[in-house]
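[1] okay, structure incoming, though there's no sequence with it:
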């Protein structure tokens with residue numbers, strides 16, 4: 001948004017209908033909404049559907065609303081960082097976010113860093129995030145292979161006890177093609 005547009009939005013920070021128009025065009029306009037409107041579920045929902053990053057400006061109450069979070073992480077997985085502790089421990093929310101952006105494993109609860117579905121989804125699109133998985137899952141062959149198939153750089157985060165596994169070594173050192 002340009003400065004003149006921002007000034008226009010600020011003038012209507014308490015006007016629900018105007019703010020609804022603004023957030024449908026640019027979800028980040030939520031930043032300039034009144035505190036009352038930052039706590040308006042319908043308005044915040046429209047904002048996060050437009051731009052998941054708008055979650056940053058939602059009220060704390062709505063950052064703890066599963067419907068809002070699911071809509072926001074659908075657009076931008078990384079916005080899980082704005083979620084309440086409770087929702088960082090909600091498998092549905094974290095799995096959806098991790099499928100979008102593996103980096104979110106960093107924000108997931110300890111319990112979900114030990115959940116094979118969540119960790120596999122995360123390492124499948126951001127392999128080096130494996131370093132935030134539980135030791136148990138860093139020693140899980142399926143998880144290790146999912147990470148290595150995304151990037152061999154994740155090898156350093158695989159548990160030592162499986163680094164010599166035949167299948168893992170095959171990924172790391174594929175046989176030379178015959179000519």
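    Noted; the coordinates are in hand. These numbers come from a predicted model, not from an experiment.

[2] residue contacts, residue 111?
    Taking C-beta atoms under 8 Å, 6 or more residues apart in numbering, we find residue 111 in contact with residue 89. Every residue, glycine included, has its C-beta placed from N, CA and C.

[3] residue 64 contacts residue 84, doesn't it?
    Yes. Contact status for residue 64 versus residue 84: in contact at 4.0 Å, counting by C-beta atoms under 8 Å.

[4] ok, and what's touching the worst-scoring helix or strand of the chain on mean pLDDT?
    Every helix and strand in the chain was compared by mean pLDDT, DSSP states H and E; the lowest is helix 3-11, with a mean of 86. With C-beta under 8 Å, 6+ apart as the test, helix 3-11 has contacts from 1, 19, 22, 29, 32.

[5] what about 10 Å?
    Residues outside helix 3-11 that contact it (C-beta atoms under 10 Å, 6 or more residues apart in numbering) are 1-2, 15, 18-19, 21-23, 25-26, 28-33.

[6] surely residue 31 meets residue 38?
    Yes. With contact defined as C-beta atoms under 10 Å, residue 31 reaches residue 38; the gap is 8.9 Å.

[7] find residues that contact each of these two.
    By C-beta under 10 Å, 6+ apart, the residues touching both residue 31 and residue 38 are 13, 47, 54, 57.

[8] ok, and the closest non-adjacent residue to the first one?
    Of all residues beyond its chain neighbours, the one nearest residue 13 is residue 34 (4.8 Å), with distances taken as C-beta to C-beta, 6 or more residues apart in numbering.
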